[in-house]
Each structure stands twice: as C-alpha cells, then as structure tokens.
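With the sequence up front, the predicted model follows.
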Amino acid sequence: MSEPAAAPDSSFDTLYRDHRSWLQGWLQRRLGDTWAAADLTHDTFLRVLAAQQTSALSSLREPRAYLLTVGRRLLVNHYKRRSLEQAYLQALANLPQALAPSPEQRWLLLETLQALDELLDGLPSAVRRAFLWSQLEGLDYADIAQRLAVSERTVKRYMAKAYEHCLLADL
C-alpha cells in the first residue's frame, strides 16, 4: 500500500494567503510595473518554499520582514539584471549590422552574462574585475595589475580567489 501524498504545509499556505498581495503591492510601488512585481512576488514565495522549514515558518514573528528581506534581494538582482541587459544592448547597438548576433544568439549571450554575473556575485569588485578582464578580454596579469594599481602577486591572489569561488559554486 502506498503512502498518501503529503498535504501542503499549512504554514506556507497561510503565509502566502496573508501576505502575497501586500508584497506584490510593495514591489509594484518600487518597480512601477505590475507584471514584474507579480513575477518577483512569485519568485519570492518560490525561494521561501525552497528554503522552507515547516517549524520555522509557523514561528515567524515578523513574516513581512522576512518576506521583505527575500523580496529586496530579488529586487536588487532584478535591477542588476536589467542594468546588465541594458549595457549588453548598448554594446550591440554599437556593432555594425553585419556583426550583430541573431535574436537567438542575443538571448543565449544575455542568459550567459546573467549566469556569470550570478556566479561572481559576492566577490569583491577588484576580484570580479580581474577575473572578467582575464577571461573576457584576455588581459595578462601585468595588464590587470596596472589597471587595478596593484601588484601582479595580488592579481594572482585575486584570480585564485575567483577560481575557487567558481569551483565551489558548483558544489
């Protein structure tokens, strides 16, 4: 005889029912976009559900503060993604038409850039810049050291830190 399907956690259901429209309104006021606010609200609750610990949700004293923390992080990611996309589109606009990628290639490149940005999130900016200059522009450590006004030894440490960060991100 098979086990009955587990009932959805009522503490999550309650959290969603009681606070979804409030969170969506808060996000909409910041974004000025109903659809983006709805998407981020959805993503917030998906994150909460993915990280859910049944006892933790039911004992939240300030559920809105918790949701705001998750929602703010997603909002920051949204703005970073939008900024990255705008920079990419600006770079494309400067390309001659003959070199411009197809819409499919643009989509893949944008997705790759966003994944790379997420992967490098959390690294100090100098480490990020050193890694990106090395990997995307092919600069050697001496050139990177000159741009960052640091020693080559420091650039080697930055690169080691970036590689370690990338390797551990897959675990």
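That came through fine. Residues are numbered from 1 along each chain as shown.

ok, R147 to T154 distance?
12 Å (C-beta to C-beta, to the nearest Å). All C-beta spots, glycine's among them, are computed from the backbone N, C-alpha and C.

Also E111?
32 Å.

Comparing these two, which residue is more hemmed in?
For E111 versus T154, the count of surrounding residues by other C-beta atoms under 10 Å is larger for T154: 17 against 10.

tell me which element the more buried one falls in.
helix 152-169 (DSSP states H and E).

Could you pull up the mean pLDDT of that helix?
Per-residue pLDDT values over helix 152-169 give a mean of 90.

so C166 makes contact with D121?
No. Using C-beta atoms under 8 Å, C166 is not in contact with D121; the gap is 11.5 Å.

Quick check: phi and psi on R61?
R61 has phi and psi values of phi -80, psi -30 when expressed as degrees, to the nearest 10.

Worst mean pLDDT across the helices and strands of this structure, which element?
Lowest mean confidence among the helices and strands of the chain (mean pLDDT, DSSP states H and E): helix 54-58, at a mean of 58.

Can you name the element that comes right after that one?
Downstream of helix 54-58 (by DSSP H and E), the next one is helix 63-93.

what's that next one packed up against?
helix 10-31, helix 34-50, helix 103-120 (3 or more C-beta pairs under 8 Å, 6 or more residues apart in numbering; DSSP states H and E).

Now distance to L95 and mean pLDDT too, for the ones you listed, in TSV please.
Converted to TSV, those look like this (distance: least, C-beta to C-beta, whole Å; pLDDT from 0 to 100):
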stretch	distance to L95	mean pLDDT
helix 10-31	30	89
helix 34-50	28	88
helix 103-120	11	82
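
okay, those in TSV with distance to E85 next?
Below are the helices and strands packed on helix 63-93 laid out as TSV (distance: least, C-beta to C-beta, whole Å):
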stretch	distance to E85
helix 10-31	15
helix 34-50	13
helix 103-120	6
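
And the ones you listed: which comes nearest F131?
Nearest to F131, of all these, is helix 103-120, at 6.7 Å by C-beta to C-beta.

Report all helices and strands that the next helix or strand after that closest one contacts.
Using DSSP H and E, the helix or strand that directly follows helix 103-120 along the chain is helix 125-136. Secondary-structure packing of helix 125-136 (3+ C-beta pairs under 8 Å, 6+ apart): helix 103-120, helix 141-148, helix 152-169.
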